[in-house]
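In: sequence and predicted model, in that order:
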Amino acid sequence: MKIKIATRASALALWQSEHIAGLLRQKGHEVELITMKTKGDVILDTPLAKIGGKGLFTKELENALLNEQAHIAVHSLKDVPTRFEPGLELACVCSRANTSDALLSMKYSSLQALPRGAKIGTTSLRRQMQIRALRPDLELISLRGNVISRIQKLKDGVFDGIILAKAGIERLKLNELVSFISTLDTIPAMGQGALGIEIASKNTAIKEAIAFLDDEKTRIETSVERAFVDRLNGGCQAPIGVNAVLNNEIISVKAVLGLIDASKILKDSKTYAKSEYLSAGVDFANSFIERGACELLALSEKMLENFKI
């Protein structure tokens with residue numbers, strides 16, 4: 001079977017799609033990659049949270065599925081909205097890589113080693129909120145563009161450090177390009193480290209052909225995370241971190257959310273039985289809602305209008 005993959009053209013997106021293409025070819029399929037740019041790739045002079053809307057890195061790929069230009073779309077699952085357009089679905093969630101955030105620097109070995117006033121590049125409101133809570137003395141600056149351009153800005157001394165997902169660092173072997181990489185004590189975004197494969201729901205033959213790519217453990221973990229964010233009506237850019245880990249028959253989940261200036265943060269953890277995974281995310285989110293999570297997120301969104309990021 002010939003399978004056409006819709007993918008973004010960035011180095012990381014191409015690595016992810018080539019990875020999936022390789023697995024499909026091992027099963028005897030012919031694979032073609034169709035590259036395209038998304039709204040999130042084109043608008044680079046504005047922080048993601050201020051662009052607004054959902055699916056900043058997925059919409060154009062989804063259109064390719066709906067108009068039958070492609071059979072599947074490979075996404076970083078953390079970029080995928082929790083709800084799909086009619087006629088589309090998440091067919092597979094692939095085995096997860098490292099879920100952590102990491103600090104990259106040419107001079108400093110850790111977050112603690114950074115001097116007061118050090119310039120740190122990250123556009124993620126989730127990361128900014130948590131870093132402000134840990135190091136309120138740092139200057140956090142919006143950083144857009146592909147991974148290689150971000151690394152170059154670090155090398156040029158524009159930043160003292162930048163924050164990226166550990167999974168992307170490992171996939172692109174970025175450790176060869178910088179002096180220091182240190183894991184951060186932050187809670188990641190929903191789906192971080194996992195790849196999601198989206199298809200048109202009517203394409204049952206393709207769904208059957210790619211079913212072997214689905215990883216049960218990762219699907220359970222990310223289902224809990226995505227349900228948590230969906231219940232809070234939070235988009236991919238909201239200041240929400242959530243991470244679920246399935247170990248034997250127990251799911252351990254932790255989450256954080258709050259104001260982008262870190263003046264108020266809610267954080268908690270809980271365990272569930274594996275059999276409860278379909279309801280765990282909503283249940284955990286409800287415990288945050290009872291503590292004022294929706295009001296906090298609404299205030300954070302309003303704060304964004306006049307907040308420098």
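Out: It's in.

In: which residues of this protein fall in strands?
Out: Along the chain, counting by DSSP state E, strands occupy 2-8, 30-36, 72-76, 88-93, 101-105, 119-121, 139-141, 161-165, 180-183, 195-200, 240-247, 250-258, 265-273.

In: report the inter-axis angle for the fourth one versus strand 72-76.
Out: Taking axes from the mean of the first three to the mean of the last three Cα atoms, to 10 degrees, one finds that strand 88-93 is oriented at 70 degrees with respect to strand 72-76.

In: can you give me the angle strand 88-93 makes with strand 195-200?
Out: Using the same axes, to 10 degrees: strand 88-93 against strand 195-200 is 140 degrees.

In: got it, and the third one?
Out: Angle of strand 72-76 versus strand 195-200, following the same axes, to 10 degrees, is 150 degrees.

In: strand partners (parallel or antiparallel) of strand 72-76?
Out: Using DSSP bridges, strand 72-76 pairs in its sheet with strand 2-8 (parallel), strand 195-200 (antiparallel).

In: in PDB, list the C-alpha atoms belonging to the shortest one.
Out: Once side chains and other backbone atoms are set aside, the C-alpha atoms of strand 195-200 remain, and they are given as PDB (Å, rounded to 0.1, in the frame of the first residue of the first chain):
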ATOM      1  CA  LEU A 195       3.900  11.300  18.300                       C
ATOM      2  CA  GLY A 196       0.300  11.300  17.300                       C
ATOM      3  CA  ILE A 197      -0.900  10.000  13.900                       C
ATOM      4  CA  GLU A 198      -4.100  11.600  12.600                       C
ATOM      5  CA  ILE A 199      -6.300  10.300   9.800                       C
ATOM      6  CA  ALA A 200      -9.600  10.900   8.000                       C
END
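
In: using the record's assignment, carve the chain into domains.
Out: 2-96+194-214, 101-183, 215-309 (automatic domain parsing).

In: take the ones you listed and lay them out in CSV including mean pLDDT and mean neighbour count.
Out: The way it works is simple: take the backbone N, C-alpha and C, and place the C-beta from them, glycine included. Formatted as CSV, these follow (pLDDT from 0 to 100; neighbours: other Cβ atoms under 10 Å):
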stretch, mean pLDDT, mean neighbour count
domain 2-96+194-214, 88, 18
domain 101-183, 94, 18
domain 215-309, 93, 18
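
In: ok, now how distant is the residue nearest the centre of the chain from residue 31?
Out: Centroid-nearest residue in the chain: residue 78, 2.6 Å away (criterion: Cα atoms, centre = their mean). Using Cβ to Cβ, to the nearest Å, one gets 24 Å for the distance from residue 78 to residue 31.

In: thank you kindly, that will do.
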